[in-house]
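**Student:** any chance you could fold what I've pasted below:
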Amino acid sequence: MSVWLPSAPCTAPRCLAGPAPTVAGPRRAVRYAALLSVMMCGVLLSPVAGAFPAGLRDRLTARWSRALVAALGVRVRITGGDAERTAAGALVVANHVSWLDIPLIAAARPGRMLAKAEIAHYPVLGRLAARGGTLFVDRARLRALPGTVGEIASVLRTGRTVVAFPEGSTWCGRRHGRFRNAVFQAALDASAPVQPVAVRYRLLDRSPTAVPAFIGEDTLLTSVRRVARSRGLVAELVLLPRIPAGAYPDRRALARAAHTAVRGVAEGLRGDWGVPGDPHPGDLHPGEVADRRVADVRVTDGRAGISGPDRVLT
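**Tutor:** Numbers count the residues shown, from 1 in each chain. Next up is the predicted model:
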């Protein structure tokens with residue numbers, strides 16, 4: 001397996017074990033209908049949205065993404081200072097749990113997404129992604145990587161935001177993979193800041209859940225159905241302090257710093273899973289070194305110690 005084709009050891013039978021609260025059939029039907037309506041609006045508007053100025057297009061993308069998440073009954077809590085939400089372009093990097101991460105981040109930090117080339121061939125979603133300016137990377141062609149990095153750097157130089165998931169694969173949320181270095185070279189080349197973002201999922205009683213995880217042999221339809229039938233699902237997005245351009249000398253150190261910041265918040269739920277110290281298949285290699293130079297993010301009882309208002313979207 002190529003190093004550019006990482007995979008997570010998470011599987012649905014293990015990581016999704018245990019009962020989860022669900023809604024009744026009629027409510028599920030309403031959610032499916034709402035989801036279909038939002039998707040159709042996106043399909044109809046996407047051909048003309050490309051002609052809009054970037055700022056307007058980003059605002060429309062954010063609103064559409066919020067509507068998509070709301071259609072599935074997911075509540076969203078975004079934590080972080082307003083400056084992190086409104087500042088100019090940056091390379092936004094986040095841990096990856098679910099396909100749901102994409103509209104969640106687009107609702108808070110809209111920008112051009114970096115996605116695997118296979119998504120371009122998805123029915124409906126592929127067309128929407130392409131029209132939305134998604135940057136596709138062919139992970140099976142390692143020789144194409146420098147060109148992709150150059151394309152990302154070019155977008156960053158224009159002041160636009162690029163969103164990437166450097167783990168390269170989805171994980172269940174109990175553990176996370178390391179951030180791959182390649183995409184961070186684009187930030188160095190463009191002298192752009194890096195915006196770490198932590199994604200995590202809870203239920204209304206604040207207990208962590210892996211229900212939205214898109215892992216193992218899951219199909220997209222299976223994962224969507226699991227989210228649509230869930231009750232009290234809350235998505236938490238933590239916008240962490242930016243890493244300024246030039247703060248680290250090379251892509252490896254920059255990737256490690258961003259990963260440390262995100263992991264500290266995303267794994268702040270570890271003790272809440274009820275199995276402290278549980279040897280999960282997604283544990284990182286013991287020899288992996290963490291760079292603590294951005295350890296100004298404190299985690300207490302699973303909450304990030306970041307000042308700024310919470311914003312709840314329903």
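**Student:** would you say S46 is within a strand?
**Tutor:** No. Counting by DSSP: H, G, I helix; E, B strand; the rest coil, one finds S46 to be helix, located in no strand.
**Student:** can you show me the helices along the stretch 201-314 of the chain?
**Tutor:** Assigned by DSSP state H, counting those that start in this stretch, the stretch 201-314 of the chain shows helices spanning 220-228, 251-266.
**Student:** show me which residues of the longest one are buried.
**Tutor:** In terms of neighbour count (16 or more other Cβ atoms under 10 Å), helix 251-266 has its buried residues at 251, 254-266. C-beta: built from backbone N, CA, C; applies to glycine.
**Student:** that older thread, any idea which of the helices of the stretch 201-314 of the chain gets closest to R75?
**Tutor:** R75 lies closest to helix 220-228 among the helices of the stretch 201-314 of the chain, at 12.2 Å (Cβ to Cβ).
**Student:** hmm, back to that, could I get the helices of the stretch 201-314 of the chain as JSON lines with distance to E151?
**Tutor:** Below are the helices of the stretch 201-314 of the chain laid out as JSON lines (distance: least, Cβ to Cβ, whole Å):
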{"stretch": "helix 220-228", "distance to E151": "26"}
{"stretch": "helix 251-266", "distance to E151": "16"}
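**Student:** okay, these in TSV with mean pLDDT next?
**Tutor:** Shown next, in TSV, are the helices of the stretch 201-314 of the chain (pLDDT from 0 to 100):
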stretch	mean pLDDT
helix 220-228	92
helix 251-266	92
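**Student:** show me where pLDDT drops low in the stretch 51-200 of the chain?
**Tutor:** Applying pLDDT under 70 to the stretch 51-200 of the chain flags residues 81-88, 139-140.
**Student:** which parts of it are helices?
**Tutor:** Assigned by DSSP H, counting those that start in this stretch, the stretch 51-200 of the chain shows helices spanning 54-71, 82-86, 101-108, 125-131, 145-157, 182-190.
**Student:** let's have these in a markdown table, adding distance to F214 and mean neighbour count.
**Tutor:** Shown next, in a markdown table, are those (distance: least, Cβ to Cβ, whole Å; neighbours: other Cβ atoms under 10 Å):
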| stretch | distance to F214 | mean neighbour count |
| --- | --- | --- |
| helix 54-71 | 15 | 18 |
| helix 82-86 | 26 | 14 |
| helix 101-108 | 9 | 23 |
| helix 125-131 | 13 | 17 |
| helix 145-157 | 23 | 17 |
| helix 182-190 | 20 | 23 |
